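K.L.:
just the structure for this:
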Amino acid sequence: MSLNPSSFLNGAPRSEAKSAHASGLGTRMNHTGKQRNLQGLDTHGTPAEPVTSIPACDILELDPEERKVVLKQQACDHKTVGNELFKTKEFLDAIRRYEEALAICPEDENEDRAVFYSNIAACHMHLKEYERAVEQCTQALKCNPNYVRALSRRAMANERIGSWSSLSDALRDYRAVLKLSPGDEQAQKAVNILPKRIEEQQEKEKAEMIGKLKNLGNSFLGNFGLSLDNFAMDQDPATGGYSVNMRK
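P.N.:
This is a model prediction of the structure:
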């Protein structure tokens, strides 16, 4: 007599498991006792009910295709719980759930994995951990280079960081968003505004760097009773280069 894999997935003896998929591959019992189709998952699956936990040793008894389906379903369940935690602003707990999803999600499920990484980035955004948000979005884009939400989220995180290089990266991402989604109003607005911000930030950072170098130079020249005020930096109009000359 053949067995439905649902009986195995809810704890049937392992000796019966190897033949289970022959009569009912793709179905299983959820915690209500009703069968659920494991093969009809949405790409970014959000099951209405949590999947019953299956011991790792039992999962190993499944054939590779069925194992992949079960692991993907469990990963999406972790994502669903993470989303609920996100809604209640329990961001650290949500991150843990998304990380659990990544830990069990098959490596070749790139679109799902991209979503998990992007959701972690969203949590870091709310925690004002913008550098970490950028890192997680970058991981998402390694999985799915055309993932518009991850591009937009990374751009926003870089805007919040606000450095010259970060703003430049944000502009690059917003331009990429517009190529993929030409009607994106937020991206278009950012593309119009950011060039001026980038220029202003570049000048600000340049002035700060010169100030630090000046302080460093003065600390050294002070040993000789001199300061940078004793020197002038003159630009050569022909070459654009600079020369340092001592003031008379």
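K.L.:
any stretches of the protein with poor pLDDT?
P.N.:
Low-confidence segments of the chain (pLDDT under 70): 1-60, 214-215, 217-222, 224-233, 244-248.
K.L.:
remind me, longest helix of it?
P.N.:
helix 185-221 (DSSP state H).
K.L.:
counting neighbours, what do you get for the nearest residue to residue 136 once chain neighbours are set aside?
P.N.:
Once flanking residues are discounted, residue 136 sits nearest to residue 121: 3.8 Å by Cβ to Cβ, 6 or more residues apart in numbering. For glycine as for every other residue, the C-beta is placed from the backbone atoms N, C-alpha and C. By other Cβ atoms under 10 Å, the residues close to residue 121 number 28.
K.L.:
who are the packing partners of the longest helix of the chain?
P.N.:
Judged by 3 or more Cβ pairs under 8 Å, 6 or more residues apart in numbering; DSSP states H and E, helix 185-221 is in contact with helix 148-161, helix 164-180.
K.L.:
what residues sit buried inside it?
P.N.:
187-188, 190-191, 194, 197-198, 201 (16 or more other Cβ atoms under 10 Å).
K.L.:
show me where this structure has its strands.
P.N.:
Taking DSSP state E, the strands of the chain run over residues 27-29, 35-37, 231-235, 242-246.
K.L.:
returning to what we had before: hang on, the residue nearest to residue 136 packs against residue 156?
P.N.:
No. Residue 121 is beyond contact range of residue 156, at 9.6 Å (criterion: Cβ atoms under 8 Å).
K.L.:
ok, so of the buried residues of helix 185-221, who is nearest residue 116?
P.N.:
Among the buried residues of helix 185-221, residue 187 lies closest to residue 116 (Cβ to Cβ), at 23.4 Å.
K.L.:
need the contact list for the closest one.
P.N.:
By Cβ atoms under 8 Å, 6 or more residues apart in numbering, residue 187 lies in contact with 152, 155, 174-175, 177-178, 181.
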